[in-house]
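In: could you look at this predicted model? Sequence included:
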Amino acid sequence: METRQLILSPAEARIMEQGFRVVRRSVDARQRDIRVLLTVLADEHGNLLPREAEVPLYSKPVYPDVSGSAQEALVVGAGPAGLFAALTLLEHGIRPVIIERGRDVSARKRDIARLNRNMGLDPSSNYCFGEGGAGTFSDGKLFSRSKKRGDMQRVMELFHFFGAPDTVLYETHAHIGSDLLPNIIRSMRECLCAHGAEFRFGTLFDRLDPSLPTVLAIGHSAHDTYRFLAQEGVAMEAKGCAMGVRVEHPQALVNRLMYHLGGRPSDEAAALVENLGNASYSLVTQVSGTGVYSFCMCPGGHIVPAASAPETVIVNGMSARLRNSPYANSGIVVSVPPAGPAMQALAWQESLEHEAWLQAREVLGSSLQAQAPAQRLADFVEGRPSASLPACSFLPGIVPSRLDRWLPPEIGAFLRRGFRDFDRKYPGFLTNDAVVLGVESRTSSPVRLLRDPLTMQSLSHPFLYPCGEGAGYAGGITSSALDGIKAALQLCSRVQSSV
Ligand SMILES: Cc1cc2nc3c(=O)[nH]c(=O)nc-3n(C[C@H](O)[C@H](O)[C@H](O)COP(=O)(O)OP(=O)(O)OC[C@H]3O[C@@H](n4cnc5c(N)ncnc54)[C@H](O)[C@@H]3O)c2cc1C
């Protein structure tokens with residue numbers, strides 16, 4: 001089997017992709033002449049293989065039945081880190097018992113629908129907590145900024161094995177979509193249970209049991225669990241995080257800027273978008289040595305209420321498989337260096353999330369549920385109130401607020417300069433057709449649970465294997481999944497060498 005590399009126009013690439021077996025696809029939209037780079041499979045005579053050719057794409061996982069296994073491990077949290085850790089334990093013959101504070105994915109869907117309709121927040125079942133973790137009702141972008149995080153391709157293969165579309169195997173910027181993710185997560189659970197694993201939903205991890213090897217994959221939103229772990233003396237430190245806003249533009253504007261549509265005939269512009277899908281962006285700038293950057297950009301997506309505690313407003317973004325809403329949103333955040341003890345970092349984050357809630361309440365009064373404070377983008381940058389707000393994808397609703405005044409001055413100043421820089425790069429980005437919502441506070445954990453770099457055991461509690469985003473070693477679905485696999489492998493080798 002050989003591969004052929006092709007550099008094509010978006011229209012040509014779409015036709016090739018529909019007919020032939022593609023193993024890599026990336027888009028270069030830096031220039032007006034947008035190119036798609038495709039790698040396709042060919043046989044030994046150089047003939048391209050048709051899409052339906054029977055070629056094994058990867059080795060499928062084989063899971064033993066562990067129902068009678070004497071070797072057991074606890075997995076705390078059913079997010080990407082916990083689920084991939086559980087699958088790895090299963091593969092190695094250890095019976096995983098997965099405890100999850102939230103509800104199963106079907107019940108969780110209903111809780112999230114209620115939250116979006118301003119019918120109340122369930123603190124244990126929301127956008128962050130519940131089966132699949134923060135990764136379930138996320139955008140489902142499957143890429144990691146780091147190239148050194150182990151076998152990313154294996155994570156993609158497992159997602160594919162459990163139901164993700166073929167594109168996750170070859171897209172450089174693979175994306176699943178929040179409409180498909182719940183079924184994939186359900187398939188993982190069904191496979192685990194069919195082979196003897198056990199799930200306990202609605203179960204809070206609040207007791208340490210040194211006799212039970214434990215993968216600790218709690219995500220970055222379980223502040224109560226961090227506090228419990230701190231009281232128990234689990235080794236941790238403050239870590240750098242980020243704080244900012246979520247900005248939303250009309251998707252048509254982002255398409256125009258990123259695909260250089262200005263000056264093109266309208267049918268050509270429409271065909272480009274049709275062939276490439278809605279455009280995304282990734283922006284970064286340095287303001288006086290501090291990073292300001294876009295985070296979790298969701299083309300054709302929705303802004304979502306990502307709070308898991310009452311009286312807080314936290315925003316994040318997601319999109320469905322087709323990415324076809326008329327909105328483009330992204331976090332725009334400022335890097336915040338670690339300062340002070342770990343618990344202080346949590347308190348600072350929480351104080352801003354509560355402030356966002358207070359600011360919305362000031363406008364809405366006691367009827368406030370999950371609405372978010374918002375300001376038009378140019379007004380935010382120029383320090384003016386917004387007389388009205390544009391249409392926005394955020395289902396609970398937005399209320400006008402002076403984010404320029406109540407965000408911490410240093411964060412606000414960095415954001416303003418960052419937006420001006422982004423506008424210099426993409427003139428038109430800084431516009432009052434866009435809106436900013438506060439606060440985007442949970443881009444990563446402000447705490448790191450300290451562990452041995454080789455054995456991955458907690459420095460204070462060797463039966464604990466802290467991993468994933470909540471442990472401070474990952475930042476996204478793929479890297480959390482990989483970290484969960486690595487932690488589980490270390491746990492397996494320790495348990496199995498002690499037999
Ligand atoms: C709206 C949204 C969109 C996102 N979009 C993307 C994206 O497109 N691409 C991407 O790579 N990343 C995205 N992310 C981030 C991504 O979801 C996380 O990085 C990832 O889920 C972290 O995985 P994890 O397993 O470490 O933790 P989590 O997914 O947070 O899972 C932790 C789990 O542990 C459970 N838990 C916590 N404490 C306890 C306890 N004491 N007892 C029992 N259970 C507990 C929680 O309920 C949760 O289910 C998004 C996040 C959000 C909120």
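Out: Thanks, I have it. Numbers count the residues shown, from 1 in each chain.
In: can you give me the helices for this structure?
Out: 10-19, 80-91, 105-116, 152-161, 181-194, 223-231, 251-258, 266-276, 342-364, 377-382, 403-406, 409-425, 477-497 (DSSP state H).
In: number of residues surrounding the residue nearest to residue 443 when sequence neighbours are not counted?
Out: Spatially, and ignoring its direct neighbours in sequence, residue 443 is nearest to residue 242 (4.4 Å; CB to CB, 6 or more residues apart in numbering). No exception for glycine: its C-beta is placed from N, CA and C like everyone else's. As a burial measure, residue 242 scores 22 neighbours (other CB atoms under 10 Å).
In: quick one: residues contacting residue 242.
Out: 293, 295, 333-336, 440, 443-444 (CB atoms under 8 Å, 6 or more residues apart in numbering).
In: quick revisit: can you redo the helices of the chain as CSV with mean neighbour count?
Out: As requested, these are arranged in CSV below (neighbours: other CB atoms under 10 Å):
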stretch, mean neighbour count
helix 10-19, 16
helix 80-91, 29
helix 105-116, 18
helix 152-161, 20
helix 181-194, 19
helix 223-231, 18
helix 251-258, 21
helix 266-276, 14
helix 342-364, 19
helix 377-382, 20
helix 403-406, 19
helix 409-425, 18
helix 477-497, 23
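In: could I get the ones you listed as TSV with mean pLDDT?
Out: TSV is the format used below for the helices of the chain (pLDDT from 0 to 100):
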stretch	mean pLDDT
helix 10-19	96
helix 80-91	98
helix 105-116	97
helix 152-161	93
helix 181-194	97
helix 223-231	97
helix 251-258	98
helix 266-276	97
helix 342-364	95
helix 377-382	98
helix 403-406	98
helix 409-425	97
helix 477-497	95
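In: distance to the ligand added to those helices, as JSON lines?
Out: Compiled in JSON lines, these are given as follows (distance: least, CB to the nearest ligand atom, whole Å):
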{"stretch": "helix 10-19", "distance to the ligand": "22"}
{"stretch": "helix 80-91", "distance to the ligand": "3"}
{"stretch": "helix 105-116", "distance to the ligand": "9"}
{"stretch": "helix 152-161", "distance to the ligand": "11"}
{"stretch": "helix 181-194", "distance to the ligand": "10"}
{"stretch": "helix 223-231", "distance to the ligand": "4"}
{"stretch": "helix 251-258", "distance to the ligand": "17"}
{"stretch": "helix 266-276", "distance to the ligand": "19"}
{"stretch": "helix 342-364", "distance to the ligand": "13"}
{"stretch": "helix 377-382", "distance to the ligand": "21"}
{"stretch": "helix 403-406", "distance to the ligand": "20"}
{"stretch": "helix 409-425", "distance to the ligand": "20"}
{"stretch": "helix 477-497", "distance to the ligand": "3"}
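In: skipping its backbone neighbours, what lies nearest the residue of the stretch 151-300 of the chain found nearest the ligand in space?
Out: Nearest to the ligand in the stretch 151-300 of the chain, going by CB to the nearest ligand atom, is residue 219, at a distance of 2.0 Å. Nearest in space to residue 219, with sequence neighbours left out and distances taken as CB to CB, 6+ apart, is residue 470 at 4.4 Å.
In: what do you get for residue 297?
Out: Counting by CB to CB, 6+ apart, the residue nearest residue 297 is residue 330, at 3.8 Å.
In: which ones are touching the one you found?
Out: Here residue 330 is in contact with 246-247, 281, 283, 294-298, 317 (CB under 8 Å, 6+ apart).
In: beta partners of it?
Out: With DSSP bridges as the criterion, residue 330 is bridged to residue 247.
In: about what we covered before: per-residue confidence for the residue nearest to residue 219?
Out: Listed pLDDT for residue 470 reads 95.
In: so residue 67 touches residue 193, yeah?
Out: No. Counting by CB atoms under 8 Å, residue 67 stays clear of residue 193, with 9.8 Å between them.
In: domain map for this structure?
Out: As given by automatic domain parsing, the domain ranges for the chain are 2-42, 72-238+448-497, 241-440.
In: before we move on, the earlier item: tell me what the residue nearest to residue 443 is bridged to.
Out: With DSSP bridges as the rule, residue 242 is bridged to residue 335.
In: from residue 308, how far off is it?
Out: 18 Å (CB to CB, to the nearest Å).
In: residue contacts, the closest residue in space to residue 446 that isn't next to it in sequence?
Out: Closest residue to residue 446 apart from its sequence neighbours, by CB to CB, 6+ apart: residue 345 at 3.7 Å. The neighbourhood of residue 345, defined by CB under 8 Å, 6+ apart, consists of 238-239, 241, 338-339, 446-447.
In: include neighbour count and distance to residue 231 when you put these into CSV, please.
Out: Listed next are the contacts of residue 345 as CSV, based on neighbours: other CB atoms under 10 Å; distance: CB to CB, whole Å:
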residue, neighbour count, distance to residue 231
238, 21, 17
239, 19, 19
241, 24, 22
338, 16, 21
339, 11, 22
446, 29, 18
447, 25, 14
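In: just checking: which of the residues you listed also lie near the ligand?
Out: By CB under 6 Å from any ligand atom, no member of the contacts of residue 345 lies near the ligand.
In: export the residues you listed to TSV and tack on pLDDT?
Out: What follows is the contacts of residue 345, written out as TSV (pLDDT from 0 to 100):
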residue	pLDDT
238	95
239	94
241	93
338	90
339	81
446	93
447	95
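In: residue 223 touches residue 343, doesn't it?
Out: No. Between residue 223 and residue 343 there is no contact under CB under 8 Å: 9.2 Å.
In: hang on, the earlier thing: residue 54: which of the domains of the chain is closest?
Out: domain 2-42 (10.1 Å; CB to CB).
In: kindly reformat the domains of the chain as TSV containing distance to residue 58.
Out: Shown next, in TSV, are the domains of the chain (distance: least, CB to CB, whole Å):
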stretch	distance to residue 58
domain 2-42	11
domain 72-238+448-497	4
domain 241-440	21
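In: out of those, nearest to residue 50?
Out: Taking the domains of the chain one by one with CB to CB, domain 2-42 is closest: 6.2 Å.
In: and the pLDDT at the residue nearest to residue 138 when sequence neighbours are not counted?
Out: Of all residues not flanking residue 138 in the chain, residue 318 sits nearest, at 5.5 Å (CB to CB, 6+ apart). pLDDT for residue 318: 95.
In: near the ligand at all, stretch 242-250?
Out: No. Judged by CB under 6 Å from any ligand atom, stretch 242-250 and the ligand are separated, with a smallest distance of 10.1 Å.
In: from the middle of its chain, how far away would that stretch be?
Out: Counting by CA atoms, centre = their mean, to the nearest Å, stretch 242-250 is centred 15 Å from the centre of its parent chain.
In: what comes up buried for that stretch?
Out: Neighbour counts over stretch 242-250 (16 or more other CB atoms under 10 Å) mark 242-250 as buried.
In: now do stretch 277-292
Out: Buried-residue list, stretch 277-292, by 16+ other CB under 10 Å: 277-281, 283, 285, 287, 290-292.
In: give me the subset of the residues you listed that lies in strands.
Out: Secondary structure from DSSP state E places 285, 287, 290-292 of the buried residues of stretch 277-292 in strands.
In: need the contact list for residue 290.
Out: 334-335, 414.
In: partners of it in the sheet?
Out: If you apply DSSP bridges, the partners that residue 290 bridges to are residue 287.
In: distance of it from residue 267?
Out: Applying CB to CB to residue 290 and residue 267 gives a distance of 44 Å.
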